[in-house]
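Chemist: what's the 3D shape of this:
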Amino acid sequence: MNTRYDVAIIGCGEAGIFAGYELMRLCPQLKVLILDQGADIYTRSCPIVAGKVKECIHCKVCDTMCGFGGAGAFSDGKYNFTTAFGGWLTDFMDGREVMDLIDYVDSINVRHGATTEVYSTATPEAKALEKKALEHDLHLLQARCKHLGTENNLKILQSIYETLKNYAEFRFHTTVDKIEAPGDGYRLVTGKGDTVECTWLIAGPGRSGAEWFSNQCKALGLELLNNQVDIGVRVELPAQVFEHITDVVYESKLVYRTKQYGDQVRTFCMNPYGHVVAENVEGINTVNGHSYSDPALRSENTNFALLVSNRFTEPFNEPYRYGKHIASLSNMLAGGVLVQRFGDLVKGIRTNPHRLAKSFTRPTLTAAVPGDLSLALPKRQLDDIIEMIYQLDKIAPGTANYDTLLYGAEVKFYSARLALSGELETALPGFFAIGDGAGVTRGLAQAGASGVKVARVIAARLEQ
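Modeler: This next block holds a predicted model:
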């Protein structure tokens, strides 16, 4: 087995994949290794999705989160053409360059089977929605958007994998226990006891590897900057409630600043006619959502996240651990994901199986356990969420219905961001950090763009 490579990429998520893909195009002569603790795109299989179990059994490595495609592999594939959300790449480079990178990543996806249909923000209907939202102090962040679909997203990744595997060497089911910087490149110590040496190192650890990556950076003496902590719930309601919005813009990002605390709350990951699903992040069950493009696979509900963003000051420096702690409380109460009717939450009563059975909104995540979110989420965040639901009800009447379902906890795990150059390089020369787990992106488009950026930086230096 080879131990010396030109480039090693940690993580097979969107960022790592597109870093490898662009290196394949620009530097076909390089020896490239891509490592991931998960499986390849064909053998990733969640026992819940496969129908083998009804609830999370805490697999040692979660196939929903890890492996080729990362956490995005089983997402519904929303691809947003914007710098307004989805990451912070404009902190490192010009907005025009970021958009060019996003368009380029999309062109690769199209080459591998992605749709060319785009939801536009320039239509009269989209402008009318934006005005209606503003009348109620809700701010609609609009962007051109593609919906790849959960099933089509998987096929696109399979096609990319078939191309990329002929260029790069993949090592799946391989953890990296330690990153070392001996001075002449980098050395990776794997969980299998092997060592890998490389000249260039690209870290795209993804959400599931965010805490691990932060610890590695601390050990290497690299400066970490605090990122925000996003905590909330996933809302599920009849699709008709948001139909007049999702039929026009599909992915509606609505932002609101609460009157009680002045906190920012936003909708995130809108899934029309979708399904609520559970995720396992290092033994912690959280909740997410999917949406299929095939009408035969759709549900009668729409789901979306409501996330409260909080930024902390010193001495707080562990946003990842804070998010895990909040999520673990709902796990403690429910043994997994907890669900509660909105009306029960407002009245201060626990949703039990009998009350849930009376709900007109039928849960798509049947393994969720009825309970009381007020015992799991901090009061401030819960107050923010309740205020936001009443505000959304003004533009989408029915959002605040008694039977609207709230699943908890939804937590977005992002590591504290590294201090990086405009080329996404750390203070250690030749060591780059990309993607969601490095705290620089938050979604498919910018994650892929960050990978392409770093690959181009390496290619340009090789030409010097």
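Chemist: show me where the protein has helices.
Modeler: Under the criterion DSSP state H, helices of the chain are mapped to 14-26, 95-111, 124-134, 150-164, 210-219, 243-249, 319-334, 342-347, 353-357, 379-392, 444-463.
Chemist: which stretches of the stretch 301-450 of the chain have low pLDDT?
Modeler: Residue ranges of the stretch 301-450 of the chain with pLDDT under 70: 312-314, 316-317, 413-416.
Chemist: From what I see, Gly149 and Ser293 are in contact.
Modeler: Yes: contact between Gly149 and Ser293 holds when scored by Cβ atoms under 8 Å: they sit 2.9 Å apart. For glycine as for every other residue, the C-beta is placed from the backbone atoms N, C-alpha and C.
Chemist: quick revisit: between the helices of the chain, which one is nearest to Leu237?
Modeler: Ranking these by proximity to Leu237 (Cβ to Cβ) places helix 342-347 first, at 8.8 Å.
Chemist: What are the buried residues along the closest one?
Modeler: 342-345 (16 or more other Cβ atoms under 10 Å).
Chemist: Report how many residues lie close to the closest residue in space to Phe92 that isn't next to it in sequence.
Modeler: Excluding the flanking residues, the one nearest Phe92 by Cβ to Cβ, 6 or more residues apart in numbering is Gly422, at 5.0 Å. A count of nearby residues for Gly422, using other Cβ atoms under 10 Å, gives 12.
Chemist: distance of Gly422 from Thr90?
Modeler: Per Cβ to Cβ, to the nearest Å, Gly422 is found 11 Å from Thr90.
Chemist: Repeat that for Thr123.
Modeler: 26 Å.
Chemist: Could you check which of those two has the larger neighbour count?
Modeler: Shown here are Thr123 and Thr90; by other Cβ under 10 Å, Thr90 has more neighbours (15 against 12).
Chemist: What score does the residue nearest to the more buried one when sequence neighbours are not counted have for pLDDT?
Modeler: Distance criterion Cβ to Cβ, 6+ apart; nearest residue to Thr90, sequence neighbours excluded, is Thr83 at 5.0 Å. Thr83 carries a pLDDT value of 92.
Chemist: and Thr83, what does it touch?
Modeler: 89-90, 95, 98-99, 446 (Cβ atoms under 8 Å, 6 or more residues apart in numbering).
Chemist: let's see it at 6 Å
Modeler: Residues in contact with Thr83 (Cβ atoms under 6 Å, 6 or more residues apart in numbering) are 90, 95, 98.
Chemist: And the first one, how far from Glu197?
Modeler: Taken as Cβ to Cβ, the spacing of Thr90 relative to Glu197 amounts to 34 Å.
Chemist: what does stretch 102-110 contact?
Modeler: 18, 81, 156, 445, 448-449.
Chemist: Just the buried residues from those, in ChimeraX please.
Modeler: Filtering those down to the buried ones (16+ other Cβ under 10 Å) takes a single ChimeraX command:
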select :18,81,156,445,448,449
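Chemist: Now render the contacts of stretch 102-110 as a markdown table, adding distance to Leu201.
Modeler: A markdown table is the format used below for the contacts of stretch 102-110 (distance: Cβ to Cβ, whole Å):
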| residue | distance to Leu201 |
| --- | --- |
| Phe18 | 17 |
| Phe81 | 30 |
| Ile156 | 27 |
| Ala445 | 24 |
| Gly448 | 19 |
| Ala449 | 19 |
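Chemist: Using PDB, write out the CA atom coordinates for stretch 28-43.
Modeler: Provided in PDB are the C-alpha atoms of stretch 28-43 (Å, rounded to 0.1, in the frame of the first residue of the first chain):
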ATOM      1  CA  PRO A  28      -3.700  14.400 -13.700                       C
ATOM      2  CA  GLN A  29      -0.100  13.600 -12.900                       C
ATOM      3  CA  LEU A  30      -0.500  13.900  -9.100                       C
ATOM      4  CA  LYS A  31      -0.900  11.000  -6.700                       C
ATOM      5  CA  VAL A  32      -4.000  11.800  -4.700                       C
ATOM      6  CA  LEU A  33      -5.500  10.000  -1.800                       C
ATOM      7  CA  ILE A  34      -9.000  10.600  -0.400                       C
ATOM      8  CA  LEU A  35      -9.800   9.200   3.100                       C
ATOM      9  CA  ASP A  36     -13.200   8.800   4.800                       C
ATOM     10  CA  GLN A  37     -14.500   7.000   7.900                       C
ATOM     11  CA  GLY A  38     -17.600   6.000   6.000                       C
ATOM     12  CA  ALA A  39     -18.400   3.800   3.000                       C
ATOM     13  CA  ASP A  40     -18.400   4.300  -0.800                       C
ATOM     14  CA  ILE A  41     -21.600   5.700  -2.400                       C
ATOM     15  CA  TYR A  42     -22.900   2.200  -3.300                       C
ATOM     16  CA  THR A  43     -22.700   0.600   0.100                       C
END
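Chemist: Before we move on, what's the pLDDT of Phe268?
Modeler: On the pLDDT scale, Phe268 gets 88.
Chemist: now do Gln37
Modeler: Reading off the model, Gln37 has pLDDT 95.
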